[in-house]
Structure formats: C-alpha cells, structure tokens
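Peer 1: Next input, structure requested:
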Amino acid sequence: MTIAVATSMTVSCFKDLGNYDYSYFPDFEIAELEKSYDVISFVENLKIVPEISSDLKDFDYVWFITAYRTGLHQREEYADTLSTEAVLDVPFEYPTGTYELHLKVTSRESGDAKYLKTQINAVTPFLNGCYILYETADGNTDMDIHYSDGAVTRMAVKEFTGNSLPGSPKHLSYIPELSYLDEETGKNVVNYVMIPASENGMVTFNMTDMSPARTAEQWFYGDYDIRKIHHISALGYSINIFAESGVHTNYQIVNSAWGAQLSAGKFAPDADVVGSGAYTVSSDVCYFGDNAFFYDGINGQFISLDYNSNMKTYQLQYAPQFEGELPKEEPLEGKVIFMGGISPNGVNGYSFMEYMMVICERENGSRCWYYVRPEITGLTIVREGEFGADSPFASATHFSSCKNGANYVYAVSGRKIFALNPSTGDIQELSFTSLPDGDITYFQTMFNVMSDSSSESNFNNFVIATSKGSNHAVSFYDMIGGIPVMNQGPVKKFEGQGVVKSIQYASQTKRAGMMSMSTSVFSIHY
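Peer 2: Residues are numbered from 1 along each chain as shown. Down below sits the predicted model:
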C-alpha cells in the first residue's frame, strides 16, 4: 500500500471567506448538502453531486475549501478552489483535520448566485488501526498495520522505507501531536507519529501518510547512541525518552486552542531526570493518571513525572497508626519487574487509576508484591504479599493490570493466564475460548472509553499474541469487570508472520459533528 506525499492543490486564493448570503432566489433551487462528509486524505477522491432544480449546464460552479485545520494547528486565512465542475470529484490531498467546503452556483441567465456549505472530515487510514511490531524470520524488525476498514499493510517498515529495521524488536511508541521544528523549512510541525525501533535502529513515521518524519540525528543534539533508548512516550505537554542513561524530557507548550505553539526541539545527550544509569527501564514504568511512575534502583526511590516534566520522588510507607504520627518508610525488597495502575471504580473522563501494583524480584529469584495508594507523602501500602514457589506469578513472563474499571493484576505463565485481586490476595485462572495454539509472546489489556465516541470506537479488551512456527495470531477478547466474557471467542483476530513484541492501537473519533483526534495510548509494553 503506497501513498504519495501530498503536493499543493491551490488553484486560486482569495480573502473573502465569510458572511455569504445563503438566502433563497426564486429562479432556481438547490438542495442542501449533507451536514458533513468523510474522506480519507491522500487516498480517496472527494465526490459530491449537487441537486439543482434546473439543468446543471445552465450554471457556473466554484467549489472552494477553507485551507486551515481546526485544533492546535496553524490557521490559514485563504481558500483553495477545488473545482469549477458541477460535480465535485477531485483527489483530497490535505492533512487530516476539519475543513469548511463552500459551493457557489451562479445562474448564467440571471447572474444570481447561491452559496452552500458543508464540513469535510479528513481522516487517514493510518490513524485508524492496529500496529503490530514483530521479529521477522531473519531476526530483524518490522510491523503490520491492520486498518479498521481495509486491507492490511504487511511489513510496513520495509514498505515505506525500503528496508526492515536491523536487529530484533525493542519498542513501539505512539505519540499523538508531536511538535517539532522542521530544520528544512524553519516551520513548526505537528505530526501524529509511530516509532518502531529495533536493537540497532529506529524510524519515526508521520501517520498522515507514513512518510519518515524524524531521523535519529533530528531527535538529539550531539552523538547519542539510540540503542540506549528503552522507549519514547508522550505525557501531556512533554515527550519522555526512557533510556539506559536516564530520562530525557522535552516540554511542549500550547498557549490556546487557536494560538501559536512552541515546538519541541532536539533532546540533549545528557538525561535531565535522574540520569547516569540510575535505574533500568523494562516493564517498570506506570502511566498513572496525570503522571508516569518509574523506579530508581540505585537510589531506592520511586519517581514520577507530571504533564510539565516536573519530577517528584516517593518512598514506600505504612500509614500512621496514631494521630500525629508520621508515615513509616518501608525499604523495597528486590528489583521492580512490574508497575501497573488499577482503577477499581472505573475510568471517568481523565480520572484514571487510584491504586498501583508493584511486583519485585529478589536476588534469590523469589517474588513479592505491594498494593499501594499514591499520596502526597509517599506510596502508602494498602496490602502486600509473597508469591510462593507454586504460584503462577512466581514464574510469570508477562504482566498487565486492569486499567479500566477492575481491581486485578494479570500474569502469563506458560499458556495460562491468571488474575490476582490485590484487595484479597486471591488468584484465579482465566479461561479464554478458542485461544490459538502456540506460545504467548505478548499480553496486555487495552481500552478506549470516551463518553462522546461511537460504540465501535469504544472497547475494553484482553489482547493476546501467540506464536507457532513462523506465524503469529493476535486475539482480542472482550472483558467485563476485569474478567473475559465467558463462552465467547475473540471479537477480532489478526494473523501474520514473525514473533509479536509490541502492539499499539490508533483511533480517530468524531465529536459533536466535528473531526476530533482521539489518540490515546491504549497499551504500554516495553
């Protein structure tokens, strides 16, 4: 699936954009256009046939579109003429966003003119699909894109760059609205980007058309070894790069919905949070509401970053037993191998998890867990426990928490999946109907719940990737209350080659008749 990069469509430009007279003229009638039209940018033609009471040949037509995008992007005060034909049927080569389309119809007999307008929702197939990162048969890295409505793009890295990434997969990052300065044009640019990375390289894709957006040299100042990066993520107004050398942050400022923005520049080679190899990032990063938590193993402290890249340190603690006492700090046993947020009361708006689960592994290989509540003074221990040698959590290879409305933490041991309720300490095995054969190589809970989204855009799933021979299968199971829906197979299933390492889901949803980008990161897996 190859899509050409857009070129300018401007035929003529003029400043008279508003205050048109849409009143009725008696010599001819025009039916109103639909309230809005959807079109896939750079792929589809925008086609509209007006309904006029007289012969179409008796009139002159001008279709023009306002050349600006709503939201946080630049607003251009001019219009582009798309066509002077009665029937609009032209390639739509504009970035994703919302546009106003106007039609001026002039009677050749009387000279009277009428104006109609509608809204164009420009979408892209790349922001509506599932991205699956996997290791190819020759040991390199590539990804498939499964679209919400359309054929799959196999080996997308090779398709859009010419070559797969060398080496085994390392991370797959999805960043909505990455803001940066384009060195070639000197302009601020906003892209939705997907970043697949291997142990030896990475590529940043502009998800409008999957053209390469940023090279490694454009991400960093100085000679920085990108192999040190564990993953890249967005949190509020900042971009965070977790690496062996520490955390690199870059703060993006947005003044207002219609105003200018300050683009993020390059990242310095020296980490600005902790730094100097002070911790190891594997699965031990938890996106918890408005903060990202991770553990600094050298200094023995938990660290959080907020929307503005501000850092705060935390210690494990027991709540005071008596009034006036201070919390009692508790040293952490072992190395953090999992941190996950839990939302037993559900997700409402942007209020996510109230509690957090921390699983540690000691030097002797045994594992323990802490169920904590983040507070101003530290991480208060609500309950703690030990995984016995016969516990599936003692030998688990994958962990996940229920990020949407349930009090469970999950573990994969062999081909079995288990759920732990930290409030009680109880563990139960989960039963997934028609789970494909093969080893489980990836397991996460994924969700998207927005009050103004369609039911098709909202989902709450267990996502399980299995590998058998040279093939993989990715199965999505519905969950209710943190437990899979009983006696129901996968609600959707993707198949391909290679061993799955990571999955990201991108979605565009509409709000109140307007095009709006809902680009949540539904899964974090490192």
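
Peer 1: C-terminal to the lengthiest strand in the chain, which secondary structure element comes first?
Peer 2: Longest strand in the chain, counting residues (DSSP state E): strand 169-181. Tracing the chain past strand 169-181, the next element assigned as helix or strand by DSSP states H and E is strand 188-198.

Peer 1: ok, that following strand: who's next to it in the sheet?
Peer 2: Strand 188-198 has the following sheet partners, assigned by DSSP bridges: strand 169-181 (antiparallel), strand 201-202 (antiparallel), strand 204-206 (antiparallel).

Peer 1: centre of the chain versus the first one, how much separation?
Peer 2: This means strand 169-181. With C-alpha atoms, centre = their mean, to the nearest Å as the basis, the distance from the averaged C-alpha position of strand 169-181 to the chain average is 9 Å.

Peer 1: Output the longest strand of the chain in CSV, but only the C-alpha positions, please.
Peer 2: As requested, the backbone C-alpha atoms of strand 169-181 are provided in CSV (Å, rounded to 0.1, in the frame of the first residue of the first chain):
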residue,chain,number,x,y,z
PRO,A,169,12.4,-5.6,18.1
LYS,A,170,12.8,-3.3,21.0
HIS,A,171,9.9,-0.9,21.3
LEU,A,172,6.9,0.5,19.5
SER,A,173,5.9,4.1,20.5
TYR,A,174,2.8,6.1,19.5
ILE,A,175,2.9,9.8,20.1
PRO,A,176,-0.1,12.0,19.2
GLU,A,177,0.7,15.5,18.2
LEU,A,178,4.5,15.5,18.3
SER,A,179,5.6,19.1,17.9
TYR,A,180,9.0,19.9,16.4
LEU,A,181,10.9,22.4,14.3
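
Peer 1: which parts of that strand are buried?
Peer 2: Across strand 169-181, burial judged by 16 or more other C-beta atoms under 10 Å covers 169-181. Where you see a C-beta, it was placed from the backbone N, CA and C, and this is true even at glycine.

Peer 1: Now render the residues you listed as TSV, adding pLDDT and distance to residue 323.
Peer 2: Formatted as TSV, those follow (pLDDT from 0 to 100; distance: C-beta to C-beta, whole Å):
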residue	pLDDT	distance to residue 323
169	95	53
170	91	50
171	90	47
172	92	49
173	90	47
174	88	47
175	85	46
176	76	46
177	72	47
178	77	49
179	73	49
180	72	52
181	69	55
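
Peer 1: closest to residue 359 among the residues you listed?
Peer 2: Within those, distances to residue 359 taken as C-beta to C-beta reach their minimum at residue 171, with 20.7 Å.

Peer 1: Of the strands paired with strand 188-198, which is nearest residue 417?
Peer 2: When the strands paired with strand 188-198 are ranked by proximity to residue 417, the top entry is strand 169-181, at 21.8 Å, counting by C-beta to C-beta.

Peer 1: Make a markdown table out of the strands paired with strand 188-198 and add distance to residue 430.
Peer 2: Rendered in a markdown table, the data for the strands paired with strand 188-198 read as follows (distance: least, C-beta to C-beta, whole Å):
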| stretch | distance to residue 430 |
| --- | --- |
| strand 169-181 | 25 |
| strand 201-202 | 34 |
| strand 204-206 | 35 |
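
Peer 1: of all these, which lies closest to residue 136?
Peer 2: Among the strands paired with strand 188-198, the nearest to residue 136 by C-beta to C-beta is strand 169-181 (9.2 Å).

Peer 1: In a strand, residue 57, correct?
Peer 2: No - using DSSP: H, G, I helix; E, B strand; the rest coil, the secondary structure at residue 57 is helix, not a strand.

Peer 1: Which residue, other than its chain neighbours, is closest to it?
Peer 2: In space, not counting the residues next to it along the chain, residue 57 is nearest to residue 86; the distance is 7.8 Å by C-beta to C-beta, 6 or more residues apart in numbering.

Peer 1: what stretches of the stretch 401-526 of the chain score poorly on pLDDT?
Peer 2: Counting by pLDDT under 70, the stretch 401-526 of the chain shows low-confidence ranges at 448-458, 508-526.

Peer 1: Would you confirm that residue 432 contacts residue 464?
Peer 2: Yes - the pair formed by residue 432 and residue 464 meets the contact definition of C-beta atoms under 8 Å, at 6.8 Å.

Peer 1: quick one: common contacting residues for these two?
Peer 2: Shared contacts of residue 432 and residue 464, defined by C-beta atoms under 8 Å, 6 or more residues apart in numbering, comprise 417, 475, 477.

Peer 1: Switch the residues you listed over to TSV; also include neighbour count, secondary structure and distance to residue 56.
Peer 2: As requested, these are exported to TSV (neighbours: other C-beta atoms under 10 Å; DSSP: H, G, I helix; E, B strand; the rest coil; distance: C-beta to C-beta, whole Å):
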residue	neighbour count	secondary structure	distance to residue 56
417	23	strand	62
475	22	strand	52
477	23	strand	53
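
Peer 1: So which of those residues is the closest to residue 377?
Peer 2: Within those, proximity to residue 377 (C-beta to C-beta) peaks at residue 417, which comes in at 35.5 Å.

Peer 1: for that closest one, what are its contacts?
Peer 2: The contact partners of residue 417, by C-beta under 8 Å, 6+ apart, come to 410-411, 429-430, 432, 440, 443, 462, 464.

Peer 1: and if you look at residue 303?
Peer 2: For residue 303, the contacting residues are 273-274, 279, 293-296, 311-314, taking C-beta under 8 Å, 6+ apart as the criterion.

Peer 1: Report the two of those separated the most.
Peer 2: Largest separation among the contacts of residue 303 by C-beta to C-beta: 279 and 312, giving 15.1 Å.

Peer 1: And the two? Which one has more around it.
Peer 2: For the pair residue 279 and residue 312, the greater number of neighbours falls to residue 279 (25 against 13), based on other C-beta atoms under 10 Å.

Peer 1: mind listing the strands for the stretch 101-250 of the chain?
Peer 2: 113-123, 129-135, 141-147, 169-181, 188-198, 201-202, 204-206, 211-214, 229-235, 238-243, 246-251 (DSSP state E, counting those that start in this stretch).

Peer 1: Distance to residue 220 for those strands - can I get that in a markdown table?
Peer 2: Rendered in a markdown table, the data for those read as follows (distance: least, C-beta to C-beta, whole Å):
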| stretch | distance to residue 220 |
| --- | --- |
| strand 113-123 | 32 |
| strand 129-135 | 22 |
| strand 141-147 | 20 |
| strand 169-181 | 12 |
| strand 188-198 | 14 |
| strand 201-202 | 11 |
| strand 204-206 | 12 |
| strand 211-214 | 10 |
| strand 229-235 | 10 |
| strand 238-243 | 9 |
| strand 246-251 | 8 |
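
Peer 1: For residue 356, which of those is the nearest?
Peer 2: With C-beta to C-beta, the closest approach to residue 356 among those belongs to strand 229-235: 15.9 Å.

Peer 1: which helices and strands sit right next to that closest one?
Peer 2: Applying 3 or more C-beta pairs under 8 Å, 6 or more residues apart in numbering; DSSP states H and E, one finds that strand 229-235 contacts strand 169-181, strand 238-243, strand 285-288, strand 291-296.

Peer 1: As CSV, those strands with distance to residue 205 would be great.
Peer 2: Below are those laid out as CSV (distance: least, C-beta to C-beta, whole Å):
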stretch, distance to residue 205
strand 169-181, 10
strand 238-243, 16
strand 285-288, 22
strand 291-296, 23
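
Peer 1: out of those, nearest to residue 226?
Peer 2: For these, proximity to residue 226 was assessed by C-beta to C-beta; strand 238-243 is nearest, at 8.8 Å.

Peer 1: Neighbouring strands of that closest one in the sheet, and parallel or not?
Peer 2: The pairing partners recorded for strand 238-243 under DSSP bridges are strand 229-235 (antiparallel), strand 246-251 (antiparallel).
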